[in-house]
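Asker: turn this into a model:
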Amino acid sequence: MNNYNSTLYDEKTFYKAFLRDLDQAAEEIIIESPFITSSRMKMLWPSLKHAYSKGVKIYIITRDPQDHSDGYEVQSESEIEACEALGIQVLLCTGNHHRKLAIIDRSILWEGSLNILSQIHSREIMRRMEGGGFAVDMFNYLNFGRYI
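Answerer: The predicted structure is shown next:
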């Protein structure tokens, strides 16, 4: 018998399940997404604000806005400022950052191809794994303990 659950989602089913996880978070949310757009953040803000109001620590790991082009740098900078104003810690990466994942309470791991903070039209896949130590393994593998 497995001590974990693993479920696949696409761009049509991901956000409903992900928002449920955000709303149920009790201690910590880590989201790593290279791109941030205002339109996607508009949908995520209620859940992020709710989690923060419950005392959940929130960390966003994303590209430095200066690494963007085509107007994405303006949206990214604006959303990063809004996150920081709320109290969300934003960690900026340089050097072709492209990972897409989320760790909720170090017990749920989301990973795949979907840019969590920006996805709009693309076809994507994400896997949600709960239990089995996968979230802690990823946290340790990426050495997030240096920052979080």
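Asker: C-alpha from now on. contacts and neighbour counts both.
Answerer: Noted.
Asker: can you list the weak-confidence ranges in the protein?
Answerer: Residue ranges of the chain with pLDDT under 70: 1-2, 68.
Asker: all the strands of this structure, residue numbers only.
Answerer: Ranges of strands within the chain are 4-10, 28-32, 57-63, 89-93, 101-104, 108-112, 125-131, based on DSSP state E.
Asker: between these, which gets nearest to G71?
Answerer: G71 lies closest, by C-alpha to C-alpha, to one member of the strands of the chain: strand 57-63, at 14.1 Å.
Asker: show me the contact partners of that closest one.
Answerer: With contacts defined as C-alpha atoms under 8 Å, 6 or more residues apart in numbering, strand 57-63 is touched by 27-36, 48, 52, 88-94, 96-97, 148.
Asker: between it and strand 28-32, what angle do the directions make?
Answerer: Between strand 57-63 and strand 28-32, the angle comes out at 10 degrees (axes from the mean of the first three to the mean of the last three C-alpha atoms, to 10 degrees).
Asker: strand 57-63 pairs with which strands, and in what direction?
Answerer: Using DSSP bridges, the strands paired with strand 57-63 in its sheet are strand 28-32 (parallel), strand 89-93 (parallel).
Asker: out of the ones you listed, indicate the one that is most buried.
Answerer: strand 28-32 (a mean of 22; mean count of other C-alpha atoms under 10 Å).
Asker: next, the angle from it to strand 108-112.
Answerer: 10 degrees.
Asker: strand 28-32: how far from the chain's middle?
Answerer: Put simply, strand 28-32 sits 5 Å off its chain's centre (C-alpha atoms, centre = their mean, to the nearest Å).
Asker: what sits up against that strand?
Answerer: Contacts of strand 28-32 (C-alpha under 8 Å, 6+ apart): 22, 56-62, 99-106, 116.
Asker: ok, the residue nearest the centre of the chain to H97 distance?
Answerer: Central residue of the chain (C-alpha atoms, centre = their mean): I31, 2.3 Å from the mean position. Applying C-alpha to C-alpha, to the nearest Å, the value for I31 to H97 is 13 Å.
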